[in-house]
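Asks: no sequence for this one, just the structure:
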């Protein structure tokens, strides 16, 4: 089955370990029927949970080198890329998500945005589907947070030495050589596959997230 060849990779590092518990508490609450393998990338400190497969890569190098190391340990061919500070805040429709991902695999896409953020498409080239191509040579054509990738395509555009910001600024132009880069259809952004809270900005807790954490039972954040 197509969806058995999809993994979730949570990209993190040891210095953000205080986020891990609340991330996964929200994940299990809002996506309890997720059956995909979940890989958790970090340095030396493992996130211990029966649903998680730790990927310990050792020394924290640059973001791209870390990510390449993690991806090479993922056995599946397709990966939902997730960052630990993007925390679910509403229930996930597992059937809806799997339908979108299956359509993406059917079209052999390299990359599909799973968040309703800029840039998005204003036209829908696939009948009955909710995503469309992104034009080449635009900023943020590809991203690293809540995205769906053909693992090999992602490995091909990564360059050791680059930060996450470098990837989003530069890799999109590298991907201009391919046409199968997709995003949410503009008319469907009211129903994105995932609803989340961005909890950390420039290394600090985002304003207003503590109340949400307390609602999940985390008082010490």
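Replies: Looks like it came in fine. Since the structure is predicted, the reported quantities are computational estimates derived from the model, not experimental observations. Residues are numbered from 1 along each chain as shown.
Asks: residues in contact with residue 36?
Replies: By C-beta atoms under 8 Å, 6 or more residues apart in numbering, the residues touching residue 36 are 3, 6-8, 80. C-beta coordinates here come from the backbone N, C-alpha and C atoms, glycine included.
Asks: Filter those residues down to the buried ones.
Replies: Buried members of those, counted by 16 or more other C-beta atoms under 10 Å: 6-8, 80.
Asks: ok, back up a step: in strands only, show me the contacts of residue 36.
Replies: Judged by DSSP state E, strands contain the following of the contacts of residue 36: 6-8, 80.
Asks: if we can go back for a sec, closest to residue 146 among the buried ones among the contacts of residue 36?
Replies: Within the buried ones among the contacts of residue 36, proximity to residue 146 (C-beta to C-beta) peaks at residue 80, which comes in at 7.6 Å.
Asks: Okay, and the beta partners of that closest one?
Replies: For residue 80, the beta-bridge partners are residue 8, residue 148 (DSSP bridges).
Asks: quick one, what contacts it?
Replies: With contact set as C-beta under 8 Å, 6+ apart, residue 80 has these partners: 6-9, 36, 101, 114, 146-148.
Asks: need the helix or strand of the chain with the lowest average pLDDT.
Replies: Within the chain, no helix or strand scores below strand 181-184, which has a mean of 66 by mean pLDDT, DSSP states H and E.
Asks: quick one: the strands in the protein?
Replies: Applying DSSP E to the chain gives strands spanning 6-11, 37-42, 52-56, 78-83, 86-88, 111-113, 131-133, 147-150, 181-184, 196-198, 200-201, 204-205.
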